[in-house]
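Undergrad: The following block contains a protein sequence and its predicted model.
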Number of protein chains: 2
Amino acid sequence: MSTFKPTAESIPPSNNNELKLKLPHNLPVNYHPLNPLDFLLRAALIYGTKLAIAHPDVSTPVFYTYSVWAQRVQNLAYALIKAGLKPGDRLAVIAPNVPMMADSLQGALAARVILTAINIRLTPGEVAYILDHSGAKLILIDYEYLHLIKGTRIPVVVSNDTGRSEDPYEQFLSDGRRFSAEKGWPGLEMEADENAPAMLCYTSGTTGRYHLMLTLNSSSLPGTYLAAIANAFEGQMNRESTYLWILPMFHAAGWTFPWANTFAFTTQITMRSVNYPLIWKHLLESRVTHYCGAPTVQIGIVNDPAAKHPPQQIKAYIAGAAPTAHLIGSLEQIGITPIHVYGLTFTYGPFTRSYPQESWSSLSLEERSKLIARQGHSFATAGDTRVVYRAEESPKGPVELVDVPKDGKTMGEIVTRGNIVMKEYFNDPDATKKAFRGGYFGSGDLAVMYPDGSAAVLDRSKDIIISGGENASSLSIEQELASHPHVLEVSVIAREHKKWGERPMAFVILHPQHASKWTGRHEEFAKDLISHARKTLPGFACPEWVQIVPELPKTSTGKILKTELRKVVAKL
Amino acid sequence: MSTFKPTAESIPPSNNNELKLKLPHNLPVNYHPLNPLDFLLRAALIYGTKLAIAHPDVSTPVFYTYSVWAQRVQNLAYALIKAGLKPGDRLAVIAPNVPMMADSLQGALAARVILTAINIRLTPGEVAYILDHSGAKLILIDYEYLHLIKGTRIPVVVSNDTGRSEDPYEQFLSDGRRFSAEKGWPGLEMEADENAPAMLCYTSGTTGRYHLMLTLNSSSLPGTYLAAIANAFEGQMNRESTYLWILPMFHAAGWTFPWANTFAFTTQITMRSVNYPLIWKHLLESRVTHYCGAPTVQIGIVNDPAAKHPPQQIKAYIAGAAPTAHLIGSLEQIGITPIHVYGLTFTYGPFTRSYPQESWSSLSLEERSKLIARQGHSFATAGDTRVVYRAEESPKGPVELVDVPKDGKTMGEIVTRGNIVMKEYFNDPDATKKAFRGGYFGSGDLAVMYPDGSAAVLDRSKDIIISGGENASSLSIEQELASHPHVLEVSVIAREHKKWGERPMAFVILHPQHASKWTGRHEEFAKDLISHARKTLPGFACPEWVQIVPELPKTSTGKILKTELRKVVAKL
């Protein structure tokens, strides 16, 4: 850290460093728009000398205090204004977890432009679609991803991720500083409308087809603000916390953790990629206390050869799919406490949590994990979560939503409403109306409701296996199969069956420690796994076929691409 | 706990216990009013069997789980409606920290009536004034305070604080349950306007004169909601926390801790009075983790003979006056971490905090305490705090506020704006306009701003001592005098002086362990204290007179009544 010097323009003025945006005129004295940018300015005011962003694993590591980081964010805001972006215009960012990405999530709010963070794993065609659809006026891009925007006519700023004054991104920021003429934060006006959109998110979903891509204006200011506070509170983040960026910030705006971190005054460590040895280096040596990740990433973490009990307490937010008992046990064994949250890009990331109960402490790991794996209850700042049947749409009235019985069995759709639900589909009022019919946002996830009022997602509606007329939840089957000690990861999909209509087929990655045992004996393993399944699953839910695979197809955010597995099955 | 049975009507229905208010029609899907009552309903849903309210130190102790407590709050709401209260009507409550008081703070929100919690230490005349001014439609009163409302024509419900079915308050609740016809929470409509007032607070201030009493409609729903979240977060309250009610709930709605507690799923212990041995019984035996109190109460706690290091970590919120270094040291010595917050009834209680810095750990207790004693910076959910001169009011334009230099010396008024500032003075638009002139709420507290952006209150404007043309802060003088090892508590006021205009006079309570040393030697003690003061204070700020007193006159909330001391001085 001692050898790194931020650019001269990153250093705030020693005098007159007012950390306040200009307030809109005529704001009532007892009203202040809920704007999550405030958290950064406040952190710079109160903990200016504290390390905010560390980006250590590159050839020119950079380290920014809150004071310096806030100045850089301010420079970015002025640079965007100088580049001609007006409030409401869209700014595209294409980058992994690097400081430029962290800057953008804050700086866009400061310039009142709408950020569109694009998934770096998309194809050039998909990226072109998003750039066009969003109407982006400017692209900030990391040097490694230039191939994604070849030939674009939109102005581009490249970051070489060096933090040095020669870096084009740094020059962009420095120009912004000069353009500001030292008007500072009070030269930027705070957004007065707290329902103004903050981010435009595109979700590729598990279909991976860009023409099916969803566009949504998910993040208005108070939603981001309230979601971030909830995320910070649920993990009890505070000024002694260090957050490791494993989850991509481009994914649903990093589940609002960019602002959960500034709210709680943490230190954030950024990494260019999900690299398990590097993750372990930080978990063991950088006093990391919090991180987020999908189960598949967490599986990679606990199974890495470097895995061992870190000296400090770590809390891991898990979302994206339900964690298995095996994963929960593995995390706890090395001292990592899982916080299972659930959400969608449409809900700013997490909006429910499995809330641990005192009575769970007397349960076996197996039983407890099943409870942890439930999606649970709404956050304090989220609204209402229900599991419902949708009654037939009547041409005269609104769709009626009927709660399923709280029996832990009857499946319905998980729906939600409240302050951390997306604002709208971008430029698509019809789609918005449809998503909100019945007065709730429909998740598309099939779930049951338990007597204690907690919801458990069983499947995406399209992932249900209709086996002999029974609905078999592929997620439930995966949960059971994952408890086989030789299974590292598993995915289950429907496969056509002459007699039963559909039957489950399992794709399994063997645990490296046990894989050699089954070399050349895949059929025997299949029998072993099926007999394991029969112990707990009804016949119609037991896999009919088991295939051992070296890896599973996944989205960039770690979700298993069942569409790809279906293609494999279709050819069988 | 095992022998206590809540009344039959306190038990929620075993089926169909829907923990949701009826939503107003046509609420947007992505909008939910920020209503702090939601926290209780959510706690009852997620932690229904957890102990919410314990009231153990009465002849018939009561213990309510979240599930039962929520039902009682619902019963109260229906009972209020049955009693004819309409949304917006005022409900008066006169009670110490008993379950009825806890119920009222939640139940009023459920019935959409405005709660006026009246200070039990007021005179009957003062109470009559508030009842009349607020236009209260109903009074809930604890049996011990009936003398305060003799002859009132307003309907009254008495609580004998027994929790038993014969208790008139319990009968009121049970009637409410019957009146509800089991329509439950969905039979009560959620307030759609989040700016609807929630509480009407009367502050007696330190003048103690009811005709000078301030009335304010301080608490609208989002303010209460956001202040409660901030209070819970600043102390890192969570579901493993136990909160001891020492601060009266009638004081500024218990600084919003009634909702900080439900937000964080804590257990709350209520006590009828501030009784130090009892406080220590709970600190040592009831796993208390959090409590609030003014410095004078904290002094009583640390100096009680029962004081010793509790087995668990305790965090004590201190507000109402700046804690002295001596007090902070005494708290830390027995394992109680002070959280110094600052606020006024007009700001829902606390809105700033002294935020500890890593660098403080290398400081001496004395130096560190001076920093802790500063009022610090705004909460994340509070708006902006400034220290300003008020420029002359111009007949043409708004009052201009000019920030004092950040030199830690220049005094100005501490002002604030944002979501946790009161809504308005009740029925007094002119007073509201005056309080909000310049676009900020004026606290009336004189403060300085330090280079790090933290504010420190030096005095109420009327408590400044103008000694030889210099402004001497009575608070600063008190801070220094309190560091004398034989001083338990001290208050300093201005006394007329022929030569200097005014000079400080100190009223001192001696520490019980050292009092005997000075028996009959008061003048010598005065000399000793003055020479102690001369070490750090400028001459004009050193007390000219010292008087040893057995006690200091105080408001019911523990603030020292300087007005009473001034009367004493006027007669000298």
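TA: Now that the structure is in, tell me what you want to look at.
Undergrad: Please make it C-alpha for all contacts and neighbour counts, starting now.
TA: Noted.
Undergrad: Touching, A:L247 and A:G254? I think so.
TA: Yes: in terms of CA atoms under 8 Å, A:L247 counts as a neighbour of A:G254; the distance is 6.5 Å.
Undergrad: Flag the helix or strand of chain A with the lowest per-element mean pLDDT.
TA: strand A:214-220 (a mean of 75; mean pLDDT, DSSP states H and E).
Undergrad: Report the angle between the helix or strand just after that strand and helix B:221-234.
TA: Read in the C-terminal direction, the helix or strand following strand A:214-220 is helix A:221-234, with elements assigned using DSSP states H and E. Put simply, helix A:221-234 runs at 30 degrees to helix B:221-234, going by axes from the mean of the first three to the mean of the last three CA atoms, to 10 degrees.
Undergrad: Determine if any part of helix A:221-234 is in contact with chain B.
TA: Yes: looking at helix A:221-234 against chain B by CA under 8 Å from any CA of the partner chain, the contacts come from A:F233.
Undergrad: for that helix, packing partners?
TA: helix A:257-264, strand A:349-353 (3 or more CA pairs under 8 Å, 6 or more residues apart in numbering or on different chains; DSSP states H and E).
Undergrad: Neighbours of A:S378, how many?
TA: Neighbour count of A:S378, defined by other CA atoms under 10 Å in any protein chain shown: 25.
Undergrad: next one: A:V156
TA: The number of residues packed near A:V156 is 17, by other CA under 10 Å.
Undergrad: partner residues bridging it?
TA: Taking DSSP bridges, one obtains A:I139 as the residues bridged to A:V156.
Undergrad: can you pull the pLDDT of it?
TA: Reading off the confidence values, A:V156 has pLDDT 98.
Undergrad: Stretch A:13-22: how far from the chain's middle?
TA: Relative to the chain's own centre, stretch A:13-22 is displaced by 33 Å; criterion: CA atoms, centre = their mean, to the nearest Å.
Undergrad: do stretch A:53-71 as well
TA: Using CA atoms, centre = their mean, the mean C-alpha position of stretch A:53-71 is found 23 Å from that of the whole chain.
Undergrad: buried ones in that stretch?
TA: Applying a neighbour-count criterion of 16 or more other CA atoms under 10 Å in any protein chain shown, the buried positions in stretch A:53-71 are A:53-55, A:61-71.
Undergrad: Just give me the closest of those to chain B.
TA: Proximity of the buried residues of stretch A:53-71 to chain B (CA to the nearest CA) peaks at A:S67, which lies at 11.6 Å.
Undergrad: give the contact list for that closest one.
TA: Residues in contact with A:S67 (CA atoms under 8 Å, 6 or more residues apart in numbering or on different chains) are A:11-12, A:44-45, A:47-50.
Undergrad: Quick check on those: which are buried?
TA: Buried among the contacts of A:S67 by 16+ other CA under 10 Å: A:11-12, A:44-45, A:47-48, A:50.
Undergrad: how about JSON lines for the helices and strands packed on helix A:221-234, with distance to B:S165 added?
TA: JSON lines is the format used below for these (distance: least, CA to CA, whole Å):
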{"stretch": "helix A:257-264", "distance to B:S165": "46"}
{"stretch": "strand A:349-353", "distance to B:S165": "38"}
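Undergrad: Those residues of the stretch 251-400 of chain A touching chain B, which are they?
TA: Remark: the part of the stretch 251-400 of chain A in contact with chain B comprises A:263, A:355, A:357, A:377, A:380, A:383, using CA under 8 Å from any CA.
Undergrad: next one: chain A
TA: Chain A has residues A:28-32, A:38-39, A:42, A:45-47, A:233, A:236, A:263, A:355, A:357, A:377, A:380, A:383, A:417-423, A:436, A:439-441, A:452-454 near chain B, with proximity defined as CA under 8 Å from any CA.
Undergrad: and A:T270, what does it touch?
TA: Contacts were defined as CA under 8 Å, 6+ apart; by that measure A:T270 touches A:53-56, A:97-99, A:244-246.
Undergrad: With respect to A:V569, which of those residues is nearest?
TA: When the contacts of A:T270 are compared for distance to A:V569 (CA to CA), A:I246 wins out at 32.1 Å.
Undergrad: Return the distance of that closest one relative to A:I464.
TA: Summarising the geometry, the distance separating A:I246 from A:I464, computed by CA to CA, to the nearest Å, is 30 Å.
Undergrad: What does the pLDDT read for A:S330?
TA: Listed pLDDT for A:S330 reads 92.
Undergrad: How many neighbouring residues does the nearest residue to it once chain neighbours are set aside have?
TA: Computed as CA to CA, 6 or more residues apart in numbering or on different chains, the closest residue to A:S330 that is not its neighbour in sequence is A:V302, at 6.4 Å. Burial measure for A:V302: 22 neighbouring residues, criterion other CA under 10 Å.
Undergrad: cool, A:P305 as well?
TA: The number of residues packed near A:P305 is 11, by other CA under 10 Å.
Undergrad: now do A:D193
TA: By other CA under 10 Å, neighbour count at A:D193 equals 15.
Undergrad: go on, A:H25?
TA: Around A:H25 sit 9 other residues, with neighbours defined as other CA under 10 Å.
Undergrad: Give me the pLDDT for it.
TA: Residue-level pLDDT assigned to A:H25 equals 82.
Undergrad: That one: what secondary structure?
TA: The three-state label for A:H25, taken from DSSP: H, G, I helix; E, B strand; the rest coil, comes out as coil.
Undergrad: Over to the one 5 residues further on?
TA: At A:N30 the chain is in coil, as set by three-state DSSP.
Undergrad: Help me confirm that it comes into contact with B:I420.
TA: Yes: because the distance of 6.6 Å satisfies CA under 8 Å, A:N30 is recorded as touching B:I420.
Undergrad: Please identify which of these two sits among more neighbours.
TA: Neighbours around A:N30 and B:I420, counted as other CA under 10 Å, are more numerous at B:I420. The numbers are 32 against 25.
Undergrad: Next one: A:A322 relative to chain B, how far apart?
TA: From A:A322 over to chain B the distance is 19 Å, taken as CA to the nearest CA, to the nearest Å.
Undergrad: Over to A:Q298?
TA: Counting by CA to the nearest CA, the gap from A:Q298 to chain B is 26 Å.
Undergrad: packing partners for the helix or strand hosting that residue?
TA: Under the criterion of DSSP H and E, A:Q298 resides in helix A:295-302. For helix A:295-302, the contact count by 3+ CA pairs under 8 Å, 6+ apart identifies helix A:276-285, helix A:325-333, strand A:487-497 as packing neighbours.
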